[in-house]
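A.B. asks: sharing a model prediction with you, sequence too.
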Amino acid sequence: MQLQHWLALSTPVPWRPAPRGSVDCPGNCNNVGVCNHDTGYCHCRAGWIGEGCTTRRTRPCTNHIRTPESESTEPLSYIGPDKRDLNWTELGFRASRCFGVCDDDLGACYCDGPMGRVPAPADAPPGTPPIRRGRPLTHAHDQPKTTWDGRPTIGTTDYNKMYGPKGYCNVSEPDWAPSMCSPDDLGGKFCDDPVEAFCPGACSGHGFCDLGFCRCNEGYYGHDCARRKAGLPLQPSDIEQRPWLSFHVREPPAALEPPPKPTRKRPLIYVYDLDPLYNARLLQYRIVQTWCTHRHYHTGNTSTWSATFYGLEAALHEYLLISEHRTFDPEEADYFYVPFYGACMIYPVAGWADYPWFWTPGGPRVMQVINMIREIVEWIDKQYPFWKRRGGRDHIWLFTHDEGACWAPSVIKDSVWLTHWGRLDPEHTSNTAFVGDNYTHDMVNWRQPEGYIKYIKGHPCYDPQKDLVVPNFKSPPHYVRSPLQSTPSKPRDIFFFFKGDVGKHRLSHYSRGIRQKIYKMAMEQDWANTQKSLIGDGGNVHGDYSDLLSRSLFCLVAPGDGWSPRLEDAVLHGCIPVIIADRVHAVFESVLDIDSFAVRVAEADVPRVMDILRAVSDIKIRLKQSRLGQVWHRYRYGALPGLRSDLLENMELNEREPLLAEAANNTPRWKVSLPRPFKGDPGVDDAFGTIIQWLHSRIGYTRG
C-alpha cells in the first residue's frame, strides 16, 4: 500500500477540547519551577531538584570530575564561595574551567571585572537573578593562558585580550572578543546583546524561554507551556506578535478552544512532560547555542539552522508539539512520545562539568544514556499508568546517536524505535571506532556492580516489524544547489563521488574498512582522471559540497562509526546512492523500494565497485533517477513552518536566477538531467509526514 494512502484511509475522529488539570504543587515550586497541574509534580529549572524544587543542585565549574570509584554524591568543584577559580595555575582541564565568575547553576563562565558577573547575594530568595549577568567566557580555550604576572595556566588566549586595559572583560569596546558567543540567549559583536533562546515550540507564546527551559506564565503548564489550568480563561499567545517566533512555530492546535476543526485524523500522539533533567535542563547545560538543536537565534533574532548531526532530537520534538496529531488526552492517544535528549547528554553535556551523570561519573558515554532511559521508564511508571497498559508497545523513542538503538535498554525492546541505524544482526557487538562509545565494553563499579551490559542484551539494533529508520535532519542550506530546491538539473559529470572522512586517522575497523578501501583504490588508480570520480576528504576533494553532489551520478553510502547521513545527502541531490553496508536497512527501506533508485554492492565486492557501476546501463540509470524524483522529497524535513518558508524562498530564487534559467531553457529535453527540478509544496509528504503515515499504519501492532 502506498504511504500517502494510509492516512487517506483513516477515519476522522472528533476533535474534543483539551482536558485541563487542577492539581496544585507545594509552595509554588519554590519560584524556580513550573507546576504540572495534571500530576502535581514540580518541573525544576537548572540549579534545583527534588519535591517542590527545594533542593539545591549546583553544577560548579571545575578542573576535574569524580572517578567512578568516588563515593561522593556531590559534584566536584574548583571554585570558592565567591564563584571564582581557586588557583589559575593548578593543572586540570574541563570545559567548564572558569578564570572569571562561574554561574554554578549551569557550569557556565562569565567575565570578572567591570564587564563581569555579579552574583545575587547568598541569602537572596530562590530564583533571584544575578545583580549583573556579565559577558560570557564560553569555553576554557578562550580563557587567559597566563595570570596577571605571567604564570602559565591551561588557557590559550593572551591575558591582555581579556583583562588588559582594553580587554574584553574590562571595557565596553574591547579589541578582542571570544570565538563564540554563548549561552543561547546572547549574541552580538561582544556577546552581550540579548537574543531569543531556543525552546521547542517557543513556550507556545505563554512563557519565557530560559535557555531551553520554559518558565510558564501564571496558570500555564507543560514543558512548552501549552496547557492551561482548569477554571482559568485562555490567554492569547504572543507568538504572532513576535515575528521571529511565528516564522518557526505556532501555538499548538491541541491547545486551542474550541478546537480548530470538528475532526482530525489519527495517529494521535501524547507527548510526555518528562522531568526537565531528561531534556530541558540538558539544553540549559549545553552552554553553546549550536549544539543539540536544529535551529538557534543570532543578533536581531535572525534565525540560523544548526549543523549538528543530532538535531532531529529537538526538531522532531518541536514538530510533534505543534502538530495536529498531538493530543493532550492520553486516553485517546495512539502513541506516547518520550522526548529524551540522549545525544545531547552524550555531547556536550557529559563531562563539561561533574554533573549530571546517570549514575556513575565518567565511563562510556552510551552507559549514561542507557541508565537515563531506564530511569525515565521508572519515572513514567511512577507518574502515569500508560507504560504498563501495553508494556510500552505504544511508546516512541528516538535514537539519533552513532549506533542508533543497538544499546537501547531491553526494558523498552517492545517500544517503537525511530533510529538512524538499521543494522539487522540479531547478535551484535559495537563497531564504533570511538572507544568511549563502545557499548560492548562493560563498566563495573560500586554504584552499578552488575555493570550495564546485562540491561541491553536480547534485541537487535533495529526490527523492521516495529521500528523505522528515519532520515537525519538536513537543513535547507545543506542542499541549496539541488534540483529538489528548484535549481535546474546539472549535467552529471562526476561519475562516482564521496567527500568526507575516509579513515586516514581512524582505527582500521572504522566504516568496516569500506571507505578506506575505496579511497585507496581511488588514489592508486587515479580515479579523478581515469574515471571522472572524486573520492576523499576535504584535502583531496575541493568545491561546494552541495554543488558537487548535484553534479554526481553515483554517490557512496557507507557506514561511519555507525550510521552515516550519506544516503540523505545523495537522495536530496538526486544522486544515485551506492549502498555498501551488509545486513543494514537504509533510511525508509521498510516502506520504500530502495532498490528502485539505489545500487547495492556487497562488502565483499568492494574491490569490484567501479566495474559494477560501469555495468549499470543508461536505461537503468534513467529509471533510477526518475524514481528518485518520485521519492526524494520524503527524505527532507519541510513541514515545520520555518523550514517550509525557507525552502519556498530558495525555490523561488533558484527559479529566477538568470544564468541557471538560461542554461535550463537552452538544454534540449532529451538531454535534461534527472531528476527534474522539484515544483511541489516542500511541506507535503516530507520526512515528518512519512513518519506520521508509517505510524498510522502501525497502530494495530501496538495493540498487540
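C.D. replies: Here it is on my side, so go on.
A.B. asks: where are the low-confidence patches of this structure?
C.D. replies: Scanning the chain with the threshold set as pLDDT under 70 gives 1-9, 659-672, 704.
A.B. asks: excluding chain neighbours, what is closest to the residue positioned nearest the centre of the chain?
C.D. replies: Nearest to the mean C-alpha position of the chain, counting by CA atoms, centre = their mean, stands G311 at 2.3 Å. Closest residue in space to G311, ignoring its immediate chain neighbours: H294 at 3.6 Å, by CB to CB, 6 or more residues apart in numbering. No exception for glycine: its C-beta is placed from N, CA and C like everyone else's.
A.B. asks: verify the stated contact: the one you found with L312.
C.D. replies: Yes. Using CB atoms under 8 Å, H294 and L312 qualify as a contacting pair, with a distance of 7.2 Å.
A.B. asks: these two: who's more crowded?
C.D. replies: H294 (28 against 24; other CB atoms under 10 Å).
A.B. asks: tell me the spacing between the more buried one and Q284.
C.D. replies: Distance, H294 to Q284, using CB to CB, to the nearest Å: 17 Å.
A.B. asks: again, but for G188
C.D. replies: Counting by CB to CB, the gap from G188 to Q284 is 21 Å.
A.B. asks: run a quick neighbour tally on W148.
C.D. replies: 11.
A.B. asks: phi and psi next, for it.
C.D. replies: Main-chain dihedrals, W148, degrees, to the nearest 10: phi -60, psi -30.
A.B. asks: list the contacts of it.
C.D. replies: 159, 163 (CB atoms under 8 Å, 6 or more residues apart in numbering).
A.B. asks: which elements pack onto the lengthiest helix in the chain?
C.D. replies: Longest helix in the chain, counting residues (DSSP state H): helix 365-383. Counting contacts by 3 or more CB pairs under 8 Å, 6 or more residues apart in numbering; DSSP states H and E, helix 365-383 packs against helix 342-344, helix 386-390.
A.B. asks: what does the following helix or strand past the longest one contact?
C.D. replies: For helix 386-390, the succeeding helix or strand toward the C-terminus, using DSSP states H and E, is strand 395-399. The list of residues contacting strand 395-399 from outside it, by CB under 8 Å, 6+ apart, reads 269, 312-313, 316, 335-338, 340, 342, 373, 386-387, 405, 408, 412, 415-421, 470, 695.
A.B. asks: and the closest residue to C111 other than its chain neighbours, what does it touch?
C.D. replies: Closest residue in space to C111, ignoring its immediate chain neighbours: C169 at 3.5 Å, by CB to CB, 6+ apart. Residues near C169 by CB under 8 Å, 6+ apart: 100, 111-116, 135, 137, 162-163.
A.B. asks: for C169, which three-state class applies?
C.D. replies: State at C169, reduced to three classes by DSSP: H, G, I helix; E, B strand; the rest coil: coil.
A.B. asks: any idea how far W88 is from it?
C.D. replies: Between C169 and W88 the computed distance is 14 Å (CB to CB).
A.B. asks: cool, V411 as well?
C.D. replies: 46 Å.
A.B. asks: measure how buried the residue nearest to R627 when sequence neighbours are not counted is and give me the count.
C.D. replies: Leaving aside its sequence neighbours, R627 sits nearest to F597 (CB to CB, 6+ apart; 4.1 Å). Neighbourhood size, F597 [other CB under 10 Å]: 23.
A.B. asks: go ahead and confirm F597 touches R622.
C.D. replies: No. Under the criterion of CB under 8 Å, F597 makes no contact with R622, lying 11.4 Å away.
A.B. asks: can you give me the strands for the stretch 1-150 of the chain?
C.D. replies: Taking DSSP state E, counting those that start in this stretch as the test, the strands found in the stretch 1-150 of the chain are 13-14, 33-36, 41-44, 47-49, 55-57, 101-103, 108-110.
A.B. asks: who wins for proximity to P81 among those?
C.D. replies: strand 101-103 (11.2 Å; CB to CB).
A.B. asks: run the chain-centre distance for the closest one.
C.D. replies: Distance, stretch centre to chain centre, for strand 101-103: 27 Å (CA atoms, centre = their mean, to the nearest Å).
A.B. asks: direction included, what does that strand pair against?
C.D. replies: Note on strand 101-103: by DSSP bridges, its sheet partners are strand 108-110 (antiparallel).
A.B. asks: what lies in contact with the strand it pairs with?
C.D. replies: Residues outside strand 108-110 that contact it (CB under 8 Å, 6+ apart) are 61, 96-103, 116-117, 133-138, 140, 143, 182-183, 287.
A.B. asks: after that strand, which helix or strand is next?
C.D. replies: Strand 108-110 is succeeded, C-terminally, by helix 159-163 (DSSP H and E).
A.B. asks: distance from the chain centre to that next one, please.
C.D. replies: Relative to its parent chain, helix 159-163 has a centroid offset of 35 Å by CA atoms, centre = their mean.
A.B. asks: for stretch 300-312, same thing?
C.D. replies: For stretch 300-312, the distance to the chain centre is 9 Å (CA atoms, centre = their mean).
A.B. asks: can you point out the buried residues in that stretch?
C.D. replies: Buried residues in stretch 300-312, defined by neighbour count with 16 or more other CB atoms under 10 Å: 303, 305-306, 308-312.
A.B. asks: in helices only, show me those.
C.D. replies: Reading helices off the buried residues of stretch 300-312 with DSSP H, I get L312.
A.B. asks: and the buried residues of stretch 300-312, which is closest to T702?
C.D. replies: Taking the buried residues of stretch 300-312 together and measuring to T702 by CB to CB, the closest member is L312, at 21.7 Å.
A.B. asks: contacts only, for that closest one.
C.D. replies: Residues in contact with L312 (CB under 8 Å, 6+ apart) are 294, 398, 400, 420, 470, 472-473, 637.
A.B. asks: cool, N445 as well?
C.D. replies: So N445 contacts 68-69, 360, 363 (CB under 8 Å, 6+ apart).
A.B. asks: what's opposite it in the beta bridge?
C.D. replies: Here N445, judged by DSSP bridges, has bridge partners Q448.
A.B. asks: let the chain start at 717 from now.
C.D. replies: Noted, 717 is the first residue going forward, which turns the last one into N1161.
A.B. asks: what about it, distance to P1125?
C.D. replies: Distance from N1161 to P1125, by CB to CB: 18 Å.
A.B. asks: for G871, same thing?
C.D. replies: Counting by CB to CB, the gap from G871 to P1125 is 40 Å.
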